[in-house]
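Student: need a structure here:
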Amino acid sequence: MVRRFYFDLTDGRTTLFDTEGVLAADLNEAIVEALEGLREMRASGEIDEMGDNWKLVIRDENGSTRRTFSV
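Tutor: Got it, this is the predicted structure:
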């Protein structure tokens, strides 16, 4: 069953909400997609511009946090 997952970025004060999300077969597939996105952001320098203490939060279609990664 395909589900929608959202990848938000937060530093605890500011949250950049993903309003589009991605379709994935399961949480593991969503994690792979999220980590690939982080790799791309690192390669482009976007992560460096964000400053410290940012986290990537994976939410499911119900809004529940499923995983959190430090960026």
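Student: alpha carbons only for contacts and neighbour counts from here, please
Tutor: Will do.
Student: looking at the chain, which helix is longest?
Tutor: helix 27-44 (DSSP state H).
Student: send me the helix or strand that that one is followed by as CSV with only the CA atoms.
Tutor: Using DSSP states H and E, the helix or strand that follows helix 27-44 in sequence is helix 46-50. Extracted C-alpha coordinates of helix 46-50, given in CSV (Å, rounded to 0.1, in the frame of the first residue of the first chain):
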residue,chain,number,x,y,z
GLU,A,46,21.9,24.5,1.4
ILE,A,47,22.6,22.7,4.7
ASP,A,48,25.6,25.0,5.4
GLU,A,49,23.4,28.1,4.9
MET,A,50,20.8,26.9,7.4
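Student: which residues are contacting the longest helix of the chain?
Tutor: By CA atoms under 8 Å, 6 or more residues apart in numbering, the residues outside helix 27-44 that reach it are 5, 7, 22, 23, 24, 47, 48, 58, 66, 71.
Student: mind listing what's buried in the worst-scoring helix or strand of the chain on mean pLDDT?
Tutor: Using mean pLDDT, DSSP states H and E, helix 46-50 stands out as the lowest-scoring helix or strand of the chain, at a mean of 75. The neighbour-count check on helix 46-50 (16 or more other CA atoms under 10 Å) flags residue 47 as buried.
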